[in-house]
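Trainee: Build me a model:
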Amino acid sequence: MKNNTHKKLSFDFFKTFLVVDSGISFKRLSYLPIWVVLLLDIFIVLFSGLVTYFLLLDLKLNYVPKDYLELGIIFYLITNVFFFWIYKTYSGIIRHSSFIDALKLFFSQFSTFIVVVLLNVFLLLLGKQKIYLTTGAFINAILSFCFLFVFRMLVKQTFDLIFRDSNSVKKISAIIYGSDANAIAVANALKSETPRRFKLEGFIDKNNQNSTKRILNLPIFQIKKSIALLMRSKNVEGLIIADKSLTKKERLSIVEECIKYGFKVYTIPVVADWDDQKEISNNIKNFDIQDLLERKPIVLNTDAISSKLEGKSILVTGAAGSIGSEIVRQVLLFNPKKIILLDQAETPLHSLSLEIIGMGLPVEVYNTIGDVREYKELERIFSNHHPDVVYHAAAYKHVPMMEENPSQAIFTNVLGTKNVADLSNKFHVERFVMISTDKAVNPSSIMGASKRIAEMYVQSKHFKHKNNNTERYTKFITTRFGNVLGSNGSVVPLFTKQIQEGGPITITHPEIIRFFMTIPEACQLVLEACSMGNGGEIYIFDMGKPVKIINLAKKMIRLAGYVPNKDIKIKIVGLRPGEKLYEELLNDSAQNLTTHHKKIRIAVEVCDEFDKVNKSIEELIAISLSGNPDMIVTKMKSIVPEYKSLNSVFQTLDIKLKESCVKPNKLDMKIKITA
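Mentor: Numbering: from 1, shown residues only. Okay, the predicted model is just below:
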């Protein structure tokens, strides 16, 4: 016990000895001051000169004649210090020494040697004795470079051994996928981390070449059968994907294989400067579930979008939400003159405002705390700012919550949309874009039905003003898409939180299926639809392949490094009120038309005349003031005949409607929309 204590005290003393400034804790190590590094370098070149002198003396050679010894030493030191200053050899942090530092040392010693040779030549031309033996000067330069370089490597390796590798955090053994310059930069960045997160075991060359060679003294492995088998044979825990030449399909295949067998996967999404080790290190993260979406990058018609947004005043309702805030970020890329951020949530709106200010863009930003249900307040905003384009993202969207609060769904999703749409038309807004949802299609919930009613109002209002040849009428456009990964209403944040808490992950039904998009992707398509829309369209987005929620949960568990139903349980809790097993993007009777963008289509929906829709909505709002859920749902069913509630509380209303011969309003007209 005493011996172990003695060893620990010695180890701690050694760590303290390497810290230059006294009083600095181990966690906040200081760097050597440059004057200390310079003094150490001077000592090293003096030592190398001394070694050279005695080596040549044994060979009966004088490196420097005794008569010139004092002068030779002074000139040699001054020359070295001069080139140390020229090449800034002392300015590098020793424990982070790199190839560049080695080059600086080489050129400083090479330059010193050249000056010494030139001095000898000059003295010989004057007919005097040269001060230095040329061979000795060459040997001295080589020794000086070697000693200076070895000193830095010793400090670097000692620091790595004692400080980086002595922390108590368990390092993840990993292989880097890739063997190009980027992969080497990643390896160097990970080796320079403090504390280290990874213990690197080697590299993988996807072309199965160079298996007999090494990079950074680490082997290059060949994939003989599969990556999982290779990783298991090398007893590693994770794979860091650093090969930028991989296609999306190849990357997904590698990730799927790794998470299937319980290996962790890390990736580097964005790195601007591959020479900046800190930036590389900070960008290495766990492979995210968003990265597993098999989706091709979206190509935007930036010229068309720019013509609609550049120099314009833009109003975004629900600006602090996940969709609204991303729309704001996307809009800012097209240089608007002014952007008005409208939301009820104070703190998220403040955070978004600070983010925009931090961008340093030449745009006027107005933060407005307000409610889309308050007409007078909205009118003041429109009067003060006169927006050219309105993105209406404000809405209640949680299905179970709206089943319990139907009147609030009407006030926000229907009345709120009506207020913003009416004021957009009154103040001659050029374009009004409503953010809708796939839950508005054949709705089974109050939330979905309320959004469908809002769609009907917006669409019918456009055609009323268009058919009446109203001057400067607003082009009302609707965009409809499904679930957005990472949004406030998505299952992904919920699953992430449940995994962090150790489970269980709760799923409503083992067969439930949903469409998914990423937030930036959805918002990019919203901007594209806005630029192409002539008004009255309901744009539907290509959501890709539907995803089984239970499979999504299993992938998220594996990506977190756990085993589904072993480390993290999956619990089936049953469908919530109003929830479908699957969502749709088109009504049963609706057609769809193509556009020039392959990811965007137009839904040809049946639409009543505006006066009829407006009257029904006003009646619905009046009923909602009473707060009677049955009356509200009954009226919603009369406006949206395809609304079939999956909430047991309201399912009996369908029977009552049939028994009392209450028939839904028939559709009077069908608007044909051309792409």
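
Trainee: Give me the contacts around stretch 68-79.
Mentor: Contact with stretch 68-79 is made by I42, V45, L46, G49, V64, T112, V115, V116, L119, Q129, I131, Y132, as judged by Cβ atoms under 8 Å, 6 or more residues apart in numbering. In short, each C-beta sits where N, CA and C put it, glycine included.

Trainee: any idea which element the third one lies in?
Mentor: Element membership for L46 (DSSP states H and E) is helix 34-58.

Trainee: Return the distance of that helix from the chain's centre.
Mentor: Here helix 34-58 is found 51 Å from its chain centre; the criterion is Cα atoms, centre = their mean, to the nearest Å.

Trainee: Show me what counts as buried in it.
Mentor: Buried residues in helix 34-58, counted by 16 or more other Cβ atoms under 10 Å: V37, L38, L40, D41, I44, V45, S48, G49, T52, Y53, L56.

Trainee: Could you pull out the strands in the stretch 251-400 of the chain for me?
Mentor: Ranges of strands within the stretch 251-400 of the chain are 264-267, 285-286, 313-317, 338-343, 364-369, 389-392, based on DSSP state E, counting those that start in this stretch.

Trainee: Pick out the shakiest of those strands, pLDDT-wise.
Mentor: Comparing mean pLDDT across the strands of the stretch 251-400 of the chain, the weakest is strand 285-286, with a mean of 70.

Trainee: could you give the mean pLDDT of stretch 525-537?
Mentor: On average, stretch 525-537 scores 82.

Trainee: can you give me how far that stretch is from the chain middle?
Mentor: That offset, for stretch 525-537, works out to 26 Å (Cα atoms, centre = their mean).

Trainee: follow-up on the earlier one: immediately after the helix holding L46, which helix or strand?
Mentor: Following helix 34-58 in sequence, per DSSP H and E, is helix 69-87.

Trainee: Quick check, Y177 in contact with S253.
Mentor: No: Y177 lies out of contact with S253 (Cβ atoms under 8 Å); the separation is 11.8 Å.

Trainee: if you count what's nearby, which of those two comes out ahead?
Mentor: Set Y177 next to S253 and count neighbours by other Cβ atoms under 10 Å: Y177 wins out with 26 against 13.

Trainee: For the more buried one, list each beta-bridge partner.
Mentor: As for beta bridges, Y177 partners with I204, I241 under DSSP bridges.

Trainee: rewinding a little: of all the strands of the stretch 251-400 of the chain, which lies closest to P641?
Mentor: P641 sits nearest to strand 389-392 of all the strands of the stretch 251-400 of the chain, at 25.0 Å, using Cβ to Cβ.

Trainee: and that closest one, what does it pack onto?
Mentor: strand 313-317, helix 322-332, helix 416-426, strand 431-437, helix 519-532 (3 or more Cβ pairs under 8 Å, 6 or more residues apart in numbering; DSSP states H and E).

Trainee: ok, and what's touching it?
Mentor: Residues outside strand 389-392 that contact it (Cβ under 8 Å, 6+ apart): 308-309, 312-318, 324, 327, 331, 372, 417, 420-421, 424, 429-435, 526, 530.

Trainee: Give the partner strands of it in its sheet and their orientations.
Mentor: strand 313-317 (parallel), strand 431-437 (parallel).

Trainee: Dump the ones you listed to JSON lines, plus mean neighbour count and distance to A603.
Mentor: Output for those, formatted as JSON lines (neighbours: other Cβ atoms under 10 Å; distance: least, Cβ to Cβ, whole Å):
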{"stretch": "strand 313-317", "mean neighbour count": "26", "distance to A603": "23"}
{"stretch": "strand 431-437", "mean neighbour count": "25", "distance to A603": "10"}
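
Trainee: Let me know which of the ones you listed is the nearest to F151.
Mentor: strand 313-317 (59.2 Å).

Trainee: For the helices and strands packed on strand 389-392, give me CSV that also has distance to L239.
Mentor: Listed next are the helices and strands packed on strand 389-392 as CSV, based on distance: least, Cβ to Cβ, whole Å:
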stretch, distance to L239
strand 313-317, 40
helix 322-332, 30
helix 416-426, 48
strand 431-437, 37
helix 519-532, 26
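
Trainee: Could you say which one of these comes nearest to L123?
Mentor: So among these, helix 322-332 is nearest, using Cβ to Cβ, at 68.8 Å.

Trainee: As a check, name the ranges of all strands in the stretch 401-550 of the chain.
Mentor: Using DSSP E, counting those that start in this stretch, the strands found in the stretch 401-550 of the chain span residues 431-437, 475-481, 483-485, 505-507, 513-514, 516-518, 538-541, 547-548.

Trainee: and those strands as CSV, adding distance to T595?
Mentor: Shown next, in CSV, are these (distance: least, Cβ to Cβ, whole Å):
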stretch, distance to T595
strand 431-437, 15
strand 475-481, 12
strand 483-485, 21
strand 505-507, 35
strand 513-514, 24
strand 516-518, 17
strand 538-541, 8
strand 547-548, 25
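
Trainee: between the ones you listed, which gets nearest to F147?
Mentor: With Cβ to Cβ, the closest approach to F147 among the strands of the stretch 401-550 of the chain belongs to strand 516-518: 55.0 Å.

Trainee: For the protein, list the residue farthest from the centre, please.
Mentor: Computed with Cα atoms, centre = their mean, the residue of the chain farthest from its C-alpha average is G127, at 71.7 Å.

Trainee: Hmm, G262 is touching I557, no?
Mentor: No: when contacts are counted by Cβ under 8 Å, G262 is not listed as touching I557 (10.3 Å).

Trainee: Tell me which of these two has more neighbours.
Mentor: Between G262 and I557, counted using other Cβ under 10 Å, the more crowded position is I557 (24 against 15).

Trainee: in the helix or strand hosting the more buried one, what counts as buried?
Mentor: Per DSSP H and E, I557 falls inside helix 549-559. For helix 549-559, a neighbour-count test (16+ other Cβ under 10 Å) marks I549, I550, L552, A553, K554, K555, M556, I557, R558, L559 as buried.

Trainee: how about these in CSV, adding pLDDT?
Mentor: Below are the buried residues of helix 549-559 laid out as CSV (pLDDT from 0 to 100):
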residue, pLDDT
I549, 82
I550, 85
L552, 82
A553, 84
K554, 84
K555, 80
M556, 81
I557, 83
R558, 79
L559, 76
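
Trainee: Reformat the residues you listed as CSV; add distance to A141.
Mentor: Converted to CSV, the buried residues of helix 549-559 look like this (distance: Cβ to Cβ, whole Å):
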residue, distance to A141
I549, 69
I550, 69
L552, 64
A553, 65
K554, 63
K555, 59
M556, 60
I557, 61
R558, 57
L559, 54
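
Trainee: which one of those residues sits closest to K224?
Mentor: The shortest approach to K224 among those belongs to R558, at 24.1 Å (Cβ to Cβ).

Trainee: Leaving out chain neighbours, which residue sits closest to that closest one?
Mentor: Using Cβ to Cβ, 6 or more residues apart in numbering and skipping residues adjacent in sequence, the residue nearest R558 is I259, 3.9 Å away.

Trainee: quick one: the one you found and Y562, what's the gap?
Mentor: Going from I259 to Y562 by Cβ to Cβ, to the nearest Å gives 10 Å.

Trainee: Just want to know which of these two has more residues nearby.
Mentor: Taking neighbours as other Cβ under 10 Å, I259 and Y562 compare with I259 leading, 22 against 16.

Trainee: Tell me the pLDDT of the more buried one.
Mentor: If you check I259, the pLDDT there is 79.
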